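Asker: Dropping a prediction and its sequence here:
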Amino acid sequence: MRVPTIIVNFTRTKIKLAMVEEAKEIENSESPAVRLVRLSYIERIGSLLSIMIGEDISPRKSIVKEFHVSYDTIRKFLNFDSKIKFDTIAKFCHIIGHYLHVEYEAVDNYKSKKHITDRDERLALIKNLKRQYEEIFGAGAEVVKDLNKKKIDLRKFVTQGIK
């Protein structure tokens, strides 16, 4: 016996609505402990991102273009918006790691030291930011470091899942 298409579509819609409701219930039932950890990540990432944007290590326009992140999401981190979810936090682990790696390589490998008068200061700044990044993301930072060693394009990895 074949089920009519209208009933199948209605059932699928009902299932999707139930899944959305379940997701809302889970979000609303976030424990205070989980919320505190998430908010701590948001604050620390927002502070680090602010420095990186200010130092022109990761321009907003590049983040938007290369990682398909909206300006609004960047603004939420900079404003410590409590609505940022863990998957966005995980995505920014890759984004921040990418830009720190690119900047470090660019400054460290620059041959003509005459053109960069503050090269040592810049490298020290980047090393300090990398240390902060590793403190925030821990094992996630190690994963990103391994991906960088394997020369995997993090932009494609994050946006398309391509290695």
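Answerer: Received it, and whenever you're ready, just let me know what you need. Numbering: from 1, shown residues only.

Asker: Please, which helix or strand holds the residue positioned nearest the centre of the chain?
Answerer: By Cα atoms, centre = their mean, the chain has its centre lying nearest to Phe92, at 0.9 Å. Using DSSP states H and E, Phe92 maps to helix 86-108.

Asker: And that helix, what does it pack against?
Answerer: helix 32-54, helix 60-67, helix 119-137, helix 139-149, helix 154-160 (3 or more Cβ pairs under 8 Å, 6 or more residues apart in numbering; DSSP states H and E). Every C-beta, even on glycine, is put in place using the N, C-alpha and C of the backbone.

Asker: Of all the residues in it, which ones are buried?
Answerer: 88-89, 91-101, 103-104, 107 (16 or more other Cβ atoms under 10 Å).

Asker: out of those, what pair is the most spread apart?
Answerer: Thr88 and Val107 (28.4 Å; Cβ to Cβ).

Asker: closest to Leu78 out of the helices and strands packed on helix 86-108?
Answerer: Closest among the helices and strands packed on helix 86-108, once you apply Cβ to Cβ, is helix 32-54, at 5.5 Å.

Asker: what angle separates the closest one from helix 60-67?
Answerer: On the basis of axes from the mean of the first three to the mean of the last three Cα atoms, to 10 degrees, helix 32-54 is oriented at 120 degrees to helix 60-67.

Asker: so how far is helix 32-54 from its chain's centroid?
Answerer: 11 Å (Cα atoms, centre = their mean, to the nearest Å).

Asker: quick one: it to helix 119-137, angle?
Answerer: Going by the same axes, to 10 degrees, helix 32-54 makes 160 degrees with helix 119-137.

Asker: what residues does helix 32-54 touch?
Answerer: Residues outside helix 32-54 that contact it (Cβ atoms under 8 Å, 6 or more residues apart in numbering): 30, 58-60, 74, 77-82, 84-86, 89, 92, 96, 99-100, 129, 132-133, 136.

Asker: Thank you, goodbye.
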